[in-house]
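Novice: Next come a sequence and a model predicted from it.
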Amino acid sequence: MEEANPVTFLTMLEEPASSVSSNSNNIPKPPSLPSKSYIRSEHPNRPPGCSFVLKETKNVWDKLFEEGYGADVYIFTEDKSYILAHSYVLGAVSPVLGDVIQQSKVKHGMRYIKIPGVPYGAVNAFVRFLYSSCYDDKKMKKFVLHLLVLSHCYSVPSLKRVCIHLLEQGWLTRENVIDVLQLARSCDAPRLSFICVRMIVKDFKTISSTEGWKVMKRGNPALEQELVEALVEADSRKQEKLRKMEEKKVYLELYEAMEALLHICKEGCRTIGPSDKMLKGSQVACNFPACKGLESLVRHFSNCKTRVPGGCVHCKRMWQLLELHSRMCSEPDSCKVPLCRHFKEKMRQQCKKDETKWKLLVSKVVAAKIALGPFTASQSNFIMTC
């Protein structure tokens, strides 16, 4: 055979490339790849880390597992049943199983290992997942706790993610939540553990009467104490939250009272207001929610015979509202609210302790309003000047 001329060979390679480049303008553009958002919307409940594999490929791996062709490992279970498997498959997916197989004895070309402590069905589902990453829904639901333990012990993170995801998505029940909590802590699943504790605290009365709780109480009293403390802490947080909400509501009502007071003294409302304003007694509604109650308080204050601080409960409240307004008002010289300048002068003579209390009150009243949204134009006169 004659030796090929490198120059001739190079020419042959270049000729088709030149013809392709000359017709490159006639080649249609490839279709765009499917968007990620489409894939997610098709399967919103898939656990993270899932990928899409052709059904035919999965069937091939399932067939290899079921028929055991060329298998070189016997896996014995608790009831002395066995499953045929391939050492290279098990070792590739689970490094722990790979080490166990390497340390096992060889007899007639076969290796023998045992997976104790779990039923045959759980081991069968576990080994099948190692081959094709697939599982039967009924078997998974029946053996999900066993599979969680196996995935942790034999270091199969993909199966562990599936088990945790399914438990989090609705497989937790009042009957199994105690068992799942203990397994989640043993199998290093902190999110699942947190979800279990939250479920127990939420329905403590029912769950504490289940068989799982009674077994846990006998075998792990420290966990029982921890859950009871979690319940007490959750109840305390709930009470504290309600207290703060109620406190914030009071401060917000005080702010609304400040708005209504300025509205009455500056513009007038229905039957009460400054003498230079035409009042509309037939006005049905008012934009200030505290106006109606404050209107009655102002009328009482103007007609009360006692009207001294500490002498009348209603008048005392009115004095406090007037002083609070003064501390929040930034325009005392032009303000039309009665006694605004008087209280500004009084502030200079107050002791440090009283001054601190008023500053704290003003800051909380303003903070309660800020939490609901920014100030509007009608609220521009209420700026903390402490």
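Specialist: Sure thing, it's come through. Residues are numbered from 1 along each chain as shown.
Novice: Would you agree Arg185 is in contact with Ser193?
Specialist: Yes - counting by C-beta atoms under 8 Å, Arg185 sits close enough to Ser193 to count as a contact (5.4 Å). Heads up, the C-betas are built off the backbone N, CA and C, glycines and all.
Novice: With neighbour numbers in mind, choose between the two.
Specialist: Using other C-beta atoms under 10 Å as the criterion, Arg185 and Ser193 rank with Ser193 on top: 18 against 15.
Novice: what about Lys142, neighbour count?
Specialist: Neighbour count of Lys142, defined by other C-beta under 10 Å: 15.
Novice: One more: the one 10 residues further on?
Specialist: Using other C-beta under 10 Å, His152 has 19 other residues around it.
Novice: for the helix or strand where Leu262 lies, packing partners?
Specialist: Counting by DSSP states H and E, the element that carries Leu262 is helix 221-266. For helix 221-266, the packing partners by 3 or more C-beta pairs under 8 Å, 6 or more residues apart in numbering; DSSP states H and E come out as helix 190-202, helix 211-219, helix 291-303, helix 313-328, helix 352-372.
Novice: how far does that helix sit from the chain's center?
Specialist: 21 Å (C-alpha atoms, centre = their mean, to the nearest Å).
Novice: Same check on stretch 183-194?
Specialist: Chain-centre distance of stretch 183-194: 17 Å, with C-alpha atoms, centre = their mean.
Novice: Report the backbone C-alpha coordinates of that stretch in PDB.
Specialist: What follows is stretch 183-194, C-alpha atoms only, in PDB (Å, rounded to 0.1, in the frame of the first residue of the first chain):
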ATOM      1  CA  LEU A 183     -34.800  10.100  62.600                       C
ATOM      2  CA  ALA A 184     -34.300  13.600  61.200                       C
ATOM      3  CA  ARG A 185     -32.000  14.400  64.100                       C
ATOM      4  CA  SER A 186     -30.100  11.100  63.700                       C
ATOM      5  CA  CYS A 187     -29.900  11.600  59.900                       C
ATOM      6  CA  ASP A 188     -28.700  15.200  59.900                       C
ATOM      7  CA  ALA A 189     -31.900  16.700  58.400                       C
ATOM      8  CA  PRO A 190     -32.300  20.000  60.300                       C
ATOM      9  CA  ARG A 191     -35.000  21.500  58.200                       C
ATOM     10  CA  LEU A 192     -37.200  18.400  58.500                       C
ATOM     11  CA  SER A 193     -36.500  18.400  62.300                       C
ATOM     12  CA  PHE A 194     -37.600  22.000  62.500                       C
END
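Novice: which other residues reach it?
Specialist: 145, 148-149, 151-152, 160, 164, 167-168, 180-181, 196 (C-beta atoms under 8 Å, 6 or more residues apart in numbering).
Novice: Show me what counts as buried in it.
Specialist: Neighbour-count burial for stretch 183-194, counted by 16 or more other C-beta atoms under 10 Å, picks out 183-184, 187, 189, 192-193.
Novice: hang on, the earlier thing: want to throw the helices and strands packed on helix 221-266 into CSV with mean pLDDT?
Specialist: As requested, the helices and strands packed on helix 221-266 are exported to CSV (pLDDT from 0 to 100):
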stretch, mean pLDDT
helix 190-202, 94
helix 211-219, 92
helix 291-303, 80
helix 313-328, 85
helix 352-372, 83
